[in-house]
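> Just to be clear, the model below is a prediction. Sequence and coordinates:
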Amino acid sequence: MSFNTSNPPILPTQSLPLRAMRIAHPQERVTGAHTHASGQLFGAMRGLLSVAADSGQWVVPASHCVWMPPHHVHALRSHGPFAGWSVYVDEANCASLPAAPCVMRVSGLLREAVGRASTWDEGALDARQIRVAGVILDEIADSPHEPFGLPLPTDPRLLRVARAVLDDLADERGVALLAAWAGLSPRTLARRFTIETGFTPSAWRQRARILRALELLAAGQPVTTIALDLGYDNVSAFIAMFKRVMGVTPGRYGEGLE
């Protein structure tokens with residue numbers, strides 16, 4: 001993933017178990033490829049995140065977060081306005097945490113603990129804060145990894161197509177039109193896209209829509225509004241697609257977020 005490498009993030013000091021912070025950008029957020037000695041857990045409260053790491057590239061919604069162990073090169077890009085959070089874990093506290101980048105669901109406990117930690121002032125942690133920090137570390141260590149997210153292609157032409165789809169999920173252009181726009185033949189686009197992502201272009205767009213739907217459900221948007229935002233003229237078709245992929249209707253899934 002080719003990102004702007006200017007303005008690298010300012011990292012917290014390494015003298016404490018962890019530091020948490022919240023981040024908000026009114027426009028697309030781009031963080032260039034970088035690495036640091038601390039481990040990092042990051043997620044979005046609003047927006048989809050594209051994540052590039054030395055082990056691959058994927059997209060995650062606000063319902064999930066990404067763990068990045070120390071010394072792993074990674075880059076981030078949000079699609080549209082971004083509000084999120086980040087926890088930097090001192091390298092000494094990463095020994096019992098996952099050794100490879102992974103995606104995990106944001107539990108209610110983790111969300112609340114990170115929210116509390118993001119309000120702490122600089123300086124040594126008191127006994128209560130140390131216990132909250134321990135909860136965050138336990139959640140990182142014990143949360144099951146999920147084969148979730150959306151793999152991104154590495155070929156620049158295919159990546160251009162993928163970004164265009166992500167930036168307008170209601171766009172109904174098929175493989176032929178997308179291929180012509182990217183300067184590829186339809187057959188080449190379909191074959192290479194499937195090889196690089198494991199999904200056909202149409203299945204990849206469907207999965208991207210599911211990810212955006214999860215984000216909008218978490219934000220409390222009505223199912224009808226979500227279906228229209230994602231380009232569905234027929235709400236029933238959206239509900240059927242969601243249930244086929246997720247195993248439950250969007251309404252039932254939304255109830256589980258409350």
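Right, received. Where do you want to start?
> sec struct for residue 178, please.
For residue 178, the assignment made with DSSP: H, G, I helix; E, B strand; the rest coil gives helix.
> if I pick it, what's in contact with it?
By Cβ atoms under 8 Å, 6 or more residues apart in numbering, the residues touching residue 178 are 161, 164-165, 189, 201. Just so you know, the C-beta spots here come from the backbone N, C-alpha and C atoms, and that holds for glycine as well.
> same thing but at 10 Å, please
If you count contacts by Cβ atoms under 10 Å, 6 or more residues apart in numbering, residue 178 has them with 158, 160-162, 164-165, 171, 184, 186, 189-190, 193, 201, 205.
> Over to residue 204?
Applying Cβ under 10 Å, 6+ apart, the residues near residue 204 are 59, 150-153, 161-162, 165-166, 193-194, 197-198.
> Now it: which helix or strand?
Using DSSP states H and E, the secondary-structure element containing residue 204 is helix 201-218.
> list the helices and strands the helix or strand following that helix packs on?
Note on helix 201-218: by DSSP H and E, the next helix or strand toward the C-terminus is helix 223-229. For helix 223-229, the helices and strands in contact under the criterion 3 or more Cβ pairs under 10 Å, 6 or more residues apart in numbering; DSSP states H and E are helix 201-218, helix 235-246, helix 250-257.
> okay if I get those as TSV plus mean pLDDT and distance to residue 20?
Formatted as TSV, the helices and strands packed on helix 223-229 follow (pLDDT from 0 to 100; distance: least, Cβ to Cβ, whole Å):
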stretch	mean pLDDT	distance to residue 20
helix 201-218	85	20
helix 235-246	90	30
helix 250-257	70	22
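> could I get those as a markdown table with distance to residue 137?
Output for the helices and strands packed on helix 223-229, formatted as a markdown table (distance: least, Cβ to Cβ, whole Å):
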| stretch | distance to residue 137 |
| --- | --- |
| helix 201-218 | 24 |
| helix 235-246 | 30 |
| helix 250-257 | 25 |
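> Just say which of those is most tucked in.
Greatest average neighbour count among these goes to helix 201-218 (a mean of 21), per mean count of other Cβ atoms under 10 Å.
> now it, how far from the centre of its chain.
For helix 201-218, the separation from the chain centroid amounts to 12 Å (computed by Cα atoms, centre = their mean, to the nearest Å).
> Give me the angle between that helix and helix 235-246.
Counting by axes from the mean of the first three to the mean of the last three Cα atoms, to 10 degrees, helix 201-218 lies at 100 degrees to helix 235-246.
> List the contacts of the residue nearest the centre of the chain.
Centroid check for the chain by Cα atoms, centre = their mean gives residue 60 as the closest residue, at 2.4 Å. Applying Cβ under 10 Å, 6+ apart to residue 60 gives the contacts 42-44, 48-51, 66, 103-104, 106, 146, 148-150, 211, 214-215.
> So which of the contacts of residue 178 belong to strands?
Within the contacts of residue 178, no residue falls in strands by DSSP state E.
> Which of those sits closest to residue 113?
Distance to residue 113, by Cβ to Cβ, is smallest for residue 162 among the contacts of residue 178, at 33.5 Å.
> you'd agree residue 184 is up against residue 161?
Yes. Using Cβ atoms under 10 Å, residue 184 is in contact with residue 161, at 8.3 Å.
> which residues are common contacts for the two?
By Cβ under 10 Å, 6+ apart, residue 184 and residue 161 have these common neighbours: 155, 175, 178, 193.
> Which pair of those spans the longest distance?
Counting by Cβ to Cβ, the most remote pair of the shared contacts of residue 184 and residue 161 is 155 and 175, 15.2 Å apart.
> is it true that residue 84 touches residue 40?
No. Counting by Cβ under 10 Å, residue 84 stays clear of residue 40, with 11.8 Å between them.
> In helices, which of the contacts of residue 204 fall?
161-162, 165-166, 193-194, 197 (DSSP state H).
> For ChimeraX, what selects the buried ones among those residues?
The buried subset of the ones in helices among the contacts of residue 204, as determined by 16 or more other Cβ atoms under 10 Å, is captured in ChimeraX by this line:
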select :161,162,165,166,193,197
